[in-house]
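S.K.: prediction below, plus the sequence it came from.
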Amino acid sequence: MTPSIEREAVMENVLQPVRENVRTVTVAQGETLERVFMLRDSSCGLPMEHLVLEAGSRADVTVVVMPGVSCDIRLAVDIAGENACCSVKGIYLCPDNEKVHIAVDMNHLVPHCSSRQLFKGIAGGSSSVDFYGKIIVAALAQKTEAYQENHSLLLSDKSCVNTRPQLEIYADDVKCSHGATIGRLNGEEQFYMRSRGITLREARVLQMISFLSPVFHDMPESAVREEIEEAVEKAVRQM
């Protein structure tokens, strides 16, 4: 039987308010779930907070927080069936006084599964970003592969990013890693581009777009990816 594929690309200016009966989403055995959420309004949140993966299923979730949005994003993932795979990615663009909180709990409960988290963002003005990411590997979850990354750029002295990646591993045959970086735009790269006729402003824009681009690499829907890339580039050019 051909696995069914559910795709939901949320591109409207306002997401529907969170409803109690849709906060938990289960990806059935052998199915694939692909969802892209672009948050443009502070009054909205993700329409799900709990994701459950059954055997052989795959989930790919991408969240893009646009400028001007303050939000609290919480997602708990239970990988409950063998040979399941989950990817959670995100971008946050915070040029002013936004307050963004992101918390992802990735729970590996069974063997032979994999997950990846990749969040990248830019903070400027007096904005504040908190990233909390946790990978939990249960004792029975041997042969797990789980990776987590959070990388941020600061554009001002008043902006702030707090990042807390964590690993909690109870199995002994796993491949897991986590990492986080917080930095600024590279002055040497800017000098190199300016020496070749590129303006300082355009050099900064190119640096920021290049920094964010890995989040787009594995997005499954090319049409959605192109639309989001265009929206993100437009937003970066206005930062």
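M.R.: Great, that's in hand.
S.K.: tell me which helix or strand of this protein sits lowest on mean pLDDT?
M.R.: Of all the helices and strands that make up the chain, the one with the lowest confidence by mean pLDDT, DSSP states H and E is strand 5-10; it has a mean of 38.
S.K.: could you tell me the end-to-end distance of stretch 96-112?
M.R.: Counting by CA to CA, to the nearest Å, you get 43 Å between the two ends of stretch 96-112.
S.K.: how about low-confidence regions in the chain?
M.R.: Counting by pLDDT under 70, the chain has low-confidence residues at 1-22, 220-222.
S.K.: what is the top helix by length along the chain packed up against?
M.R.: For the chain, the longest helix by residue count, based on DSSP state H, is helix 222-237. Applying 3 or more CB pairs under 8 Å, 6 or more residues apart in numbering; DSSP states H and E, one finds that helix 222-237 contacts strand 32-39, strand 58-65, strand 85-94, helix 200-212. No exception for glycine: its C-beta is placed from N, CA and C like everyone else's.
S.K.: got the angle for the third one vs strand 32-39?
M.R.: To tie it back to what came earlier, the one meant is strand 85-94. Here strand 85-94 runs at 10 degrees with respect to strand 32-39, directions being taken by axes from the mean of the first three to the mean of the last three CA atoms, to 10 degrees.
S.K.: related to what we said a few turns ago, in the longest helix of the chain, which residues are buried?
M.R.: Using 16 or more other CB atoms under 10 Å as the test for burial, helix 222-237 gives Val224, Arg225, Ile228, Glu229, Ala231, Val232, Ala235, Val236.
S.K.: can you tell me the centre-most residue of this protein?
M.R.: To find the centre residue of the chain, average its C-alpha atoms and take the closest one (CA atoms, centre = their mean): that gives Gly90, at 2.0 Å.
S.K.: who's that one bridged to?
M.R.: Taking DSSP bridges, one finds Val63, Phe119 as the beta-bridge partners of Gly90.
S.K.: how near is it to Leu206?
M.R.: Taking CB to CB, to the nearest Å as the measure, Gly90 and Leu206 are separated by 22 Å.
S.K.: quick revisit: so how far is the longest helix of the chain from its chain's centroid?
M.R.: Remark: helix 222-237 is offset 15 Å from the chain centroid, using CA atoms, centre = their mean, to the nearest Å.
S.K.: again with stretch 141-150
M.R.: Relative to the centre of its chain, stretch 141-150 is centred 16 Å away, using CA atoms, centre = their mean.
S.K.: and the contacts of that stretch?
M.R.: Judged by CB atoms under 8 Å, 6 or more residues apart in numbering, the contacts made with stretch 141-150 from elsewhere in the structure are 79, 106, 108-120, 131, 133, 135, 137, 163, 165, 167, 170-181.
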